[in-house]
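**Student:** sequence first, predicted model second:
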Amino acid sequence: MSDSRLRMAVPKGALFDGTVALLAQAGIDVGALAEPGRQLIIDTAEMRFIICKPTDIPAYIAYGAADVAVSGADVLAEAALDVVELLDLGFGRCRFVVAEREGAAEEVARSYSRLGVIRVATKYPRIAEAYFASRGVQVELMKLHGNIELAPLVGLADQVVDITATGTTLRENGLRIVDEVMDSSARFIANPVSMRIDAQRVTGLAERLGRAAAQA
Amino acid sequence: MRPVTPRGFRDVLFEEAAERRVVTAAVAEVFGRYAYRFVETPAVEEYATLEAALGASVSGAAFRLVDLDGSLLALRPEMTLPIARLAASRLGGESGPQRLCYSADVYREHASLRGESRQFAQLGVELLGANGPASDAEVVAVLVDALRAAGLADFTVGVGTVAVLRALIDAAAAGAEWADALMAAAHARNLVAFDVLSVAPGVPEAVGSALRRVVRIAGGREAIDACREAAGSAGCAGALDALEAAWDLLEAAGVAERVRVDFGILRSFDYYTGLIVEAYAPGLGLPLGGGGRYDDLLAAFGAPMPAAGFALSLERVMIALAAQGVEVPVRGLDALVGGDPLECARECARLRASGWRVQASAASDPNVLRDEAQAAGASYRLVAGACVMLRVFDGMTVTRDPLPTPPTLASSPAKGGCDV
């Protein structure tokens, strides 16, 4: 809606600070967004910021509840909703990896040859499914909501598919990375209709953020 | 047990149903004015028919059924394929362009908990056996006029062409795998991946930079010039000339004010070959509808023939109307008639024969009748056998000889002479 503020969904959590810093770097008035307290909607003269749970952002954008957003590429791949991916913002880098218990390789191989299936725990079933399907490996996927690295340690799963920035958490829990699934970073995304009928503001903001990201 | 509808299906009740009928009739009237003729097709098609034309992309979208013969069937996920199938199997002998239109429900499978319906009402047209700027422009003009007739105060129709992207892909000559990846990125609207692919090894730099530029070009007629400058040498000059000619026709027809050229429109069905079109309303995050030219689709059914068309989602048009505060003129009740049962039956019949919408009441007491008429939203009330009618809202008397125009008809805004 060209007569009102551009609505931007901002993910809380790991990408929040990077997003606010990038907006400020691009010269956009972030108002109270830097210190939102318990507020979930923050208005400035040109923008309405909506603070959301990161995994919900693709839905906010696909259904037009917000015009633009910052979202991790991992979350976008998992949601598989209709959004326009405009920019790689460069921050929030992490890798999707397959990991298993240190020294468990033989055990996993044996269980695969005997049972024909590996049990995999993940927060990202769609990404994990696509990865194993592309390798022709049969898996039983189990969706967990957090602390994925626990699953192989307690015998809940043979392997995990999870994100990691440095690999420290995995290492400290005695897990070993066995393969890379995909790289992820923060993306600037837009609702497909906002992108078409509010193109000037959407692409204008994309250009400003792109320049700021290139300087960072 | 309290029965419910299956997930993604719903009942439509009175006020909403009436409004949907009014909007459908207004759009159908526009289709008729462009000489499009209604057809109906079965709700189910052979799954193989859909797969032949849509490929693997149909598998996720179609609602599948197995019949007693063991045939795999699918509820139609959209109307273009059934119409193409109909044209290929039934209209082979007809010569000259065919103008077909429909108002039909389509069905799509969705994972649960995404807040999406699995049944949609679509209104659309297909222009078969004709190509060139005139037929492209006609399809766009029908779409603009249909949205105007639906009562939308604000909307935009974006037009583009897939020919530019296809020509640049050919000009790059970077292999089928790269071409598929680029098209996949375009259909997924992933411009990050698209830009990365545009600088892939083996892609000529000029082509790569043209790719990055064209998907970001939008505007009026000048956008076509900008695109020509960026990509005209790649072999899409003819397509751009055709788009410009279509633009001239849209201007002459007085609909260009609603149209915007946009080379970034990337619709996800693979079968488009030229024009692509999408309609948007501000504040609605999903397109109202869309379509384009699909000159190769009928060849998949053994009846090669150029074709173009669009489909509008009735649900989304209704949401946009509500968001824009547009009142859909629905006819209410003209009169409530009570009194002696025989007199009442006679009076009701006389009023109905003159086009009145009349509800009979068992009451004869004027006060009871007044309350009932108010509750039913009737314009008039009368006790059969009396010689005057009373206007409900102020109690004024109106002579019923001769009968006036039905009040709900007289007061409803003219909507192209259509009614339900």
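**Tutor:** Cool, got the structure.

**Student:** mean confidence for the longest strand anywhere in chain A?
**Tutor:** Ranked by residue count, the top strand of chain A under DSSP state E comes out as strand A:175-184. Across strand A:175-184, pLDDT averages out at 92.

**Student:** pull the distance from the helix or strand following it to the chain's centre.
**Tutor:** Heading C-terminal from strand A:175-184, the first helix or strand you meet, by DSSP states H and E, is strand A:186-190. With Cα atoms, centre = their mean, to the nearest Å as the basis, strand A:186-190 stands 10 Å off its chain's centre.

**Student:** next up, the contacts around the spatially most central residue of chain B.
**Tutor:** Nearest residue to the geometric centre of chain B (Cα atoms, centre = their mean): residue B:312, 1.5 Å. Neighbour list for residue B:312: B:27, B:122-124, B:143, B:146-147, B:279, B:288-289 [criterion: Cβ atoms under 8 Å, 6 or more residues apart in numbering or on different chains]. C-beta: built from backbone N, CA, C; applies to glycine.

**Student:** could you rerun that using 7 Å?
**Tutor:** By Cβ atoms under 7 Å, 6 or more residues apart in numbering or on different chains, the contact set of residue B:312 is B:122-124, B:146, B:279, B:288-289.

**Student:** could I have whichever helix or strand it is part of exported to PDB, CA atoms only?
**Tutor:** In the assignment (DSSP H and E), residue B:312 maps to strand B:307-313. In PDB, the C-alpha atoms belonging to strand B:307-313 read as follows (Å, rounded to 0.1, in the frame of the first residue of the first chain):
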ATOM      1  CA  ALA B 307      -3.700 -20.100 -27.100                       C
ATOM      2  CA  ALA B 308      -3.800 -17.500 -24.300                       C
ATOM      3  CA  GLY B 309      -6.000 -16.900 -21.300                       C
ATOM      4  CA  PHE B 310      -6.300 -16.000 -17.600                       C
ATOM      5  CA  ALA B 311      -8.000 -17.100 -14.500                       C
ATOM      6  CA  LEU B 312      -9.300 -14.900 -11.600                       C
ATOM      7  CA  SER B 313      -9.700 -16.200  -8.100                       C
END
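
**Student:** direction included, what does that strand pair against?
**Tutor:** According to DSSP bridges, strand B:307-313 forms sheet pairs with strand B:119-128 (antiparallel), strand B:289-293 (antiparallel).

**Student:** now those as JSON lines including mean pLDDT?
**Tutor:** Output for the strands paired with strand B:307-313, formatted as JSON lines (pLDDT from 0 to 100):
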{"stretch": "strand B:119-128", "mean pLDDT": "96"}
{"stretch": "strand B:289-293", "mean pLDDT": "94"}
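
**Student:** distance to residue B:2 added to those strands, as TSV?
**Tutor:** Formatted as TSV, these follow (distance: least, Cβ to Cβ, whole Å):
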stretch	distance to residue B:2
strand B:119-128	21
strand B:289-293	35
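
**Student:** so can I have TSV of those strands showing distance to residue A:5 and mean neighbour count?
**Tutor:** Shown next, in TSV, are the strands paired with strand B:307-313 (distance: least, Cβ to Cβ, whole Å; neighbours: other Cβ atoms under 10 Å in any protein chain shown):
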stretch	distance to residue A:5	mean neighbour count
strand B:119-128	31	23
strand B:289-293	27	24
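
**Student:** which of those sits closest to residue A:89?
**Tutor:** strand B:289-293 (29.7 Å; Cβ to Cβ).

**Student:** what's the closest residue to residue A:15 other than its chain neighbours in contact with, if anything?
**Tutor:** Spatial nearest neighbour of residue A:15, chain neighbours left out: residue A:92 (4.8 Å); criterion: Cβ to Cβ, 6 or more residues apart in numbering or on different chains. For residue A:92, the contacting residues are A:14-15, A:18, A:72, A:185-186, by Cβ under 7 Å, 6+ apart.

**Student:** which one of these sits closest to chain B?
**Tutor:** Using Cβ to the nearest Cβ, residue A:185 is the member of the contacts of residue A:92 that lies nearest chain B, at 9.3 Å.

**Student:** count the neighbours of that closest one for me.
**Tutor:** Using other Cβ atoms under 10 Å in any protein chain shown, residue A:185 has 17 neighbouring residues.

**Student:** might one say that it is in contact with residue A:96?
**Tutor:** No: between residue A:185 and residue A:96 there is no contact under Cβ atoms under 7 Å: 11.7 Å.

**Student:** residue in chain A with the shortest distance to chain B?
**Tutor:** residue A:64 (1.3 Å).

**Student:** helix/strand/coil for that residue?
**Tutor:** Three-state call for residue A:64 (DSSP: H, G, I helix; E, B strand; the rest coil): coil.

**Student:** list buried residues within the contacts of residue A:92.
**Tutor:** A:15, A:18, A:72, A:185-186 (16 or more other Cβ atoms under 10 Å in any protein chain shown).

**Student:** work out for me the element the residue in the stretch 251-400 of chain B that chain A sits nearest to sits within.
**Tutor:** Nearest to chain A, among the residues of the stretch 251-400 of chain B, is residue B:285, at 1.3 Å (Cβ to the nearest Cβ). In the assignment (DSSP H and E), residue B:285 maps to no helix and no strand.

**Student:** leaving out chain neighbours, which residue sits closest to it?
**Tutor:** residue A:64 (1.3 Å).

**Student:** likewise for residue B:308?
**Tutor:** In space, residue B:308 is closest to residue B:293, 4.1 Å off (Cβ to Cβ, 6+ apart).
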